[in-house]
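Asks: need the 3D shape of this:
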Amino acid sequence: MMKQSIFILFAVLLATNVAQAQNPQSVRGVQCGVEREVSAQALTESTYKRLERAYELIGEENYAEAYPQLESILERVRRSDYEQAVVSQAMGHVRLMQDRGSDALEHFQRAVELDVMGNAQHFEMILMISNIYYGMDRFQDALDQLDFWFCVIPPDQTNIVDVWIMKASLHAQIDEFREALTAVDRGISLSDEPKEQWYQLKLGMHLELDQTRPAIDTLKILIPMSPDKKNYWLQMSALYMKLEDEPEAMAALALAHRRGLLNRQTELMQLSSLLQSQDSPRLAAEIMEEGIEADVIESTRRNWEMVGGAWYEARELDKALNAYERAGAVADDGKIDVQRGFLLIDLERWEPARGALTRALELGGLSEADTGNVHLLLGMAHMNLDDYEAAQASFNRATSYSRVRQAAREWLNHLREQRSRSSSR
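Replies: The predicted structure is shown next:
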């Protein structure tokens with residue numbers, strides 16, 4: 001199939017060169033904006049027959065024999081600029097097939113410089129030269145050729161979509177982002193079915209130019225094209241965050257999560273954080289907890305503490321307690337147990353509260369304020385468990401801390417009253 005298609009290509013080139021359309025006299029030195037005119041020319045019969053054989057070898061992918069034959073033909077046609085151009089063009093195509101871009105470039109440039117071939121082939125070779133430069137990473141040279149093509153081709157023939165996209169890509173390569181954006185927009189507007197990669201290029205240019213809203217609008221086109229491309233959703237969320245539009249940023253991540261696309265710790269934690277900031281602590285907690293259980297989010301003290309805080313905000317106190325217990329299990333100080341103690345006191349679960357607060361003191365690492373609060377809360381737990389001696393000892397210790405001293409003295413008074421009532425019964 002490959003051999004057949006290549007043979008057809010060269011057969012078409014040969015047939016085209018045998019009979020050119022009638023045009024006015026050729027004008028050397030084509031200028032930008034000036035309509036190009038060439039006279040109709042044809043190959044001699046002997047040149048045609050030799051080229052026909054060379055094209056047969058090319059169709060068979062026998063480039064090693066075809067190229068020397070073309071060289072031989074070129075030597076025979078030195079007196080005809082037209083035949084030289086035709087042969088040079090063929091030699092350029094052979095060198096391209098052999099991945100010898102520099103050599104192909106020289107042949108195509110020679111054919112263009114001769115300026116005798118029909119418009120279709122002449123303009124096609126200019127594009128070919130631009131493509132070769134592109135492949136050699138000579139982007140400015142490629143762009144210069146492309147701009148020359150645009151200025152010499154008739155205006156009604158400049159609506160070739162791929163050329164506009166190539167122009168956009170070249171501008172992007174040399175950091176001419178506004179020019180690239182103009183070109184890619186032109187290409188998209190000319191196409192009935194714009195390709196996803198064109199919109200990706202457009203998006204990249206908006207981002208380079210710090211055009212946040214247009215970038216979001218482009219992503220709204222890209223996402224329906226490939227709704228399972230996670231990066232689109234992440235970019236959408238990040239751009240909304242840049243605009244300080246947290247609800248939309250959250251919505252983008254939530255939709256990505258619903259499609260099962262978020263599979264990294266940072267992604268799930270970002271979504272959880274946004275949900276909590278948007279008054280959805282229950283969903284925030286669920287996403288964090290599911291992520292930890294799935295080994296996507298690390299089972300660390302900090303992460304379990306975040307889960308506990310979200311459940312607490314959602315007033316799911318038992319779930320909050322469970323999360324704090326998980327956090328405390330991997331903690332090396334008593335700070336998490338202080339939080340558990342506060343919560344258990346709030347729930348009037350005196351025995352578990354006493355255990356959590358006692359453990360907090362045993363692990364240590366508490367601030368002075370936390371230590372004073374623990375002694376005060378521990379006194380309350382002891383007192384409600386009718387352990388008055390332990391309660392008094394805890395309240396007395398609490399009076400040593402300035403922030404809770406007054407409260408501790410009031411609880412000591414309350415303790416004396418309760419012990420008095422109990423002893424009078």
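
Asks: buried set for stretch 340-354?
Replies: R340, G341, F342, L343, L344, I345, R349, W350, P352, A353, R354 (16 or more other C-beta atoms under 10 Å). For every residue, glycine as well, the C-beta is placed using N, CA and C.

Asks: next: stretch 195-202.
Replies: W198, Y199, Q200, L201, K202.

Asks: and it, average pLDDT?
Replies: Averaged over stretch 195-202, pLDDT sits at 98.

Asks: same question, stretch 316-327
Replies: Average pLDDT, stretch 316-327: 93.

Asks: touching that stretch from outside, list them.
Replies: 282, 285, 289, 299, 301-302, 304-305, 307-309, 311-312, 336, 339-340, 343-344, 346-347 (C-beta atoms under 8 Å, 6 or more residues apart in numbering).

Asks: go on, stretch 61-73?
Replies: Stretch 61-73 is contacted from outside by 2-3, 6, 47, 50-51, 53-55, 57-58, 87, 90-91, 94-95, 97-98, using C-beta under 8 Å, 6+ apart.

Asks: can you flag which of those belong to helices?
Replies: Here DSSP state H is the test, and those give 2-3, 6, 47, 50-51, 53-55, 57-58, 87, 90-91, 94-95, 97 as lying in helices.

Asks: which one of the buried residues of stretch 195-202 sits closest to N263?
Replies: Proximity of these to N263 (C-beta to C-beta) peaks at Q200, which lies at 22.0 Å.

Asks: how about that closest one, nearest residue that isn't a chain neighbour?
Replies: Nearest residue to Q200, sequence neighbours excluded (C-beta to C-beta, 6 or more residues apart in numbering): L222, at 6.9 Å.

Asks: so which helix or strand takes in that neighbour?
Replies: Using DSSP states H and E, L222 maps to helix 212-225.

Asks: need the pLDDT of the residue nearest to Q200.
Replies: Looking at L222, the pLDDT reads 98.

Asks: gap between it and D245?
Replies: Separation of L222 from D245 (C-beta to C-beta, to the nearest Å): 19 Å.

Asks: domain assignment for the chain?
Replies: Per automatic domain parsing, the structural domains of the chain span 1-153, 159-210, 245-330, 349-425.

Asks: could I get those as TSV with distance to L239?
Replies: TSV is the format used below for the domains of the chain (distance: least, C-beta to C-beta, whole Å):
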stretch	distance to L239
domain 1-153	28
domain 159-210	9
domain 245-330	8
domain 349-425	41
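
Asks: leaving out sequence neighbours, find the closest residue to P214.
Replies: For P214, the spatially nearest residue (C-beta to C-beta, 6+ apart) is H206, at 4.7 Å.

Asks: distance of the one you found relative to A249?
Replies: Per C-beta to C-beta, H206 is found 18 Å from A249.

Asks: out of the buried residues of stretch 195-202, which are inside helices?
Replies: Reading helices off the buried residues of stretch 195-202 with DSSP H, I get W198, Y199, Q200, L201, K202.

Asks: residues contacting the fourth one?
Replies: It refers to L201. Counted by C-beta under 8 Å, 6+ apart, L201 has contacts I165, A168, S169, A172, A180, V184.

Asks: closest to R416 out of these?
Replies: Among the contacts of L201, A172 lies closest to R416 (C-beta to C-beta), at 81.4 Å.

Asks: assign a three-state SS to that closest one, would you?
Replies: helix (DSSP: H, G, I helix; E, B strand; the rest coil).

Asks: wait, it sits on L203?
Replies: No: when contacts are counted by C-beta atoms under 8 Å, A172 is not listed as touching L203 (11.5 Å).

Asks: low-confidence ranges in this structure?
Replies: 1-31, 33, 424-425 (pLDDT under 70).

Asks: for it, which helix is longest?
Replies: Using DSSP H, we find that the single longest helix of the chain is helix 405-423.

Asks: quick one: that one to chain centroid distance?
Replies: When distances are taken as C-alpha atoms, centre = their mean, to the nearest Å, helix 405-423 is centred 64 Å away from the chain's centroid.

Asks: next, the buried residues of it.
Replies: Neighbour-count burial for helix 405-423, counted by 16+ other C-beta under 10 Å, picks out A407, A408, W411, L412, L415, R419.

Asks: identify the residue spatially nearest to the second one, adjacent ones excluded.
Replies: The spatial neighbour of A408 that comes closest, neighbours along the chain excluded (C-beta to C-beta, 6+ apart), is A398 at 3.6 Å.

Asks: can you report phi and psi for the one you found?
Replies: phi -60, psi -30 (degrees, to the nearest 10).

Asks: on that earlier part again, among the buried residues of stretch 340-354, name the ones in helices.
Replies: Per DSSP H, the buried residues of stretch 340-354 map to helices at R340, G341, F342, L343, L344, I345, W350, P352, A353, R354.

Asks: so what's the residue nearest to the first one when sequence neighbours are not counted up against?
Replies: Computed as C-beta to C-beta, 6+ apart, the closest residue to R340 that is not its neighbour in sequence is A356, at 4.1 Å. With contacts defined as C-beta under 8 Å, 6+ apart, A356 is in contact with G328, D337, R340, G341, L344.

Asks: any idea how far the closest residue to the last one other than its chain neighbours is from G334?
Replies: To tie it back to what came earlier, the one meant is L344. The shortest distance from L344 to any non-neighbouring residue, by C-beta to C-beta, 6+ apart, is to A353 (3.6 Å). Distance of A353 to G334, given as C-beta to C-beta: 14 Å.

Asks: still on that earlier bit, from the contacts of stretch 316-327, list the buried ones, please.
Replies: If we count by 16+ other C-beta under 10 Å, these have these buried: 282, 285, 289, 301, 304-305, 307-309, 311-312, 336, 339-340, 343-344.

Asks: identify those among the residues you listed that sit within helices.
Replies: Reading helices off these with DSSP H, I get 282, 285, 289, 301, 304-305, 307-309, 311-312, 336, 339-340, 343-344.
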